[in-house]
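A.B. asks: dropping a prediction and its sequence here:
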Amino acid sequence: MQLKVSNFLVAFLIVGALTLGGCSTQDVTSNSAGTETNTGNTTSTVSEIISENIPGMKNLPRLEGKATVVMTVNGSPITIEVDGTNAPITAGNFVDLVQKGVYDGLVFHRVVRDPEPFVVQGGDPQGKDPKFPANRLGTGGYIDPETGSERRIPLEIKPMGAEQPIIYGQTTRRPPVLQHKMGAVAMARSQMPDSASSQFYFALQDLRFLDGNYAVFGNVTDGFDVVNNIQQGDRIESAKVTQGAENLKTPD
């Protein structure tokens, strides 16, 4: 019973602290939580499903396959396998932002290890400015210079055992392919499912109670000891795509 209470409190903390500035019901395209849709088409390509399901999805970058990102923190590398096979939009967004240099110099503004290991969270572009108030970090996302607006991506969950479709814009109780195991990398968002932008977090232990509610898009394959030593205020010195860059597809 004690573990359940602790998990509930931790889940409550993440929901409260992942709020991104400017979210509103007009900004998202989500359906009611717990409901699921199926196109009935198991042969569609990723591009076709993206175009058919959610307006504006075809304008987002996607990763068709896998990629490797090496993130350097405190002089040490963290190797992340990014999974575009099971989370093409979420993975594509992350790899695209890495290639744009968005994460270089950003602060890890939230580290939760008590009462039990939880997450290390970063990715707010406002953190690049050393004068930006630390207590306001966690409210920002990536501003697309072409549109002048924040890029937001839908909640993307692929249920285990399903070829297609990936569920977009909805939470689900079905076990996902990409789960919150220790070392998982997932997107932070507000309480609205389609509000993720650039903020991400590392899972410091198995956090299965978050499965189906937050989009995992990769995992740490080397350097988890580096993640475990990150302190609030530490910065990402650099993030580079070392393999799989050719799998990133961006809209023309």
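C.D. replies: Looks like it arrived, so ask away. The structure presented is a predicted model; accordingly, all values stated were derived computationally and were not measured.
A.B. asks: contacts and neighbour counts: CA atoms only from here.
C.D. replies: Will do.
A.B. asks: so what's the residue count around the nearest residue in space to N93 that is not next to it in sequence?
C.D. replies: In this structure, N93 finds its nearest non-sequential neighbour in P61, 5.7 Å apart by CA to CA, 6 or more residues apart in numbering. P61 has 23 neighbouring residues, counting by other CA atoms under 10 Å.
A.B. asks: what about the stretch 1-150 of the chain, any weak spots by pLDDT?
C.D. replies: Across the stretch 1-150 of the chain, the ranges flagged by pLDDT under 70 are 1-55.
A.B. asks: and the strands in it, which stretches?
C.D. replies: Assigned by DSSP state E, counting those that start in this stretch, the stretch 1-150 of the chain shows strands spanning 62-63, 66-73, 76-83, 110-112, 119-122.
A.B. asks: specify the beta-bridge partners of D83.
C.D. replies: Beta bridges link D83 to K66, judged by DSSP bridges.
A.B. asks: kindly report the same for G122.
C.D. replies: Under the criterion used (DSSP bridges), G122 bridges to F200.
A.B. asks: wait, what's in contact with E64?
C.D. replies: By CA atoms under 8 Å, 6 or more residues apart in numbering, E64 lies in contact with 46, 84-85, 88, 247-249.
A.B. asks: R151 versus the nearest residue to I80 once chain neighbours are set aside, what's the distance?
C.D. replies: With CA to CA, 6+ apart as the criterion, I80 has its nearest non-adjacent residue at 4.5 Å, and that residue is V220. Separation of V220 from R151 (CA to CA, to the nearest Å): 25 Å.
A.B. asks: same deal with G169?
C.D. replies: Counting by CA to CA, the gap from G169 to R151 is 15 Å.
A.B. asks: the more surrounded of those two?
C.D. replies: Applying other CA under 10 Å to G169 and R151 shows that G169 carries more neighbours, namely 24 against 17.
A.B. asks: and the pLDDT for that one?
C.D. replies: On the pLDDT scale, G169 is placed at 91.
A.B. asks: surely it is in contact with A196?
C.D. replies: No. With contact defined as CA atoms under 8 Å, G169 and A196 do not form a contacting pair (10.7 Å).
A.B. asks: so which strand or helix has V185?
C.D. replies: Here V185 is covered by strand 184-187, with elements defined by DSSP states H and E.
A.B. asks: which residues sit against that strand?
C.D. replies: Here strand 184-187 has contacts from 90, 196-203, 214-220, using CA under 8 Å, 6+ apart.
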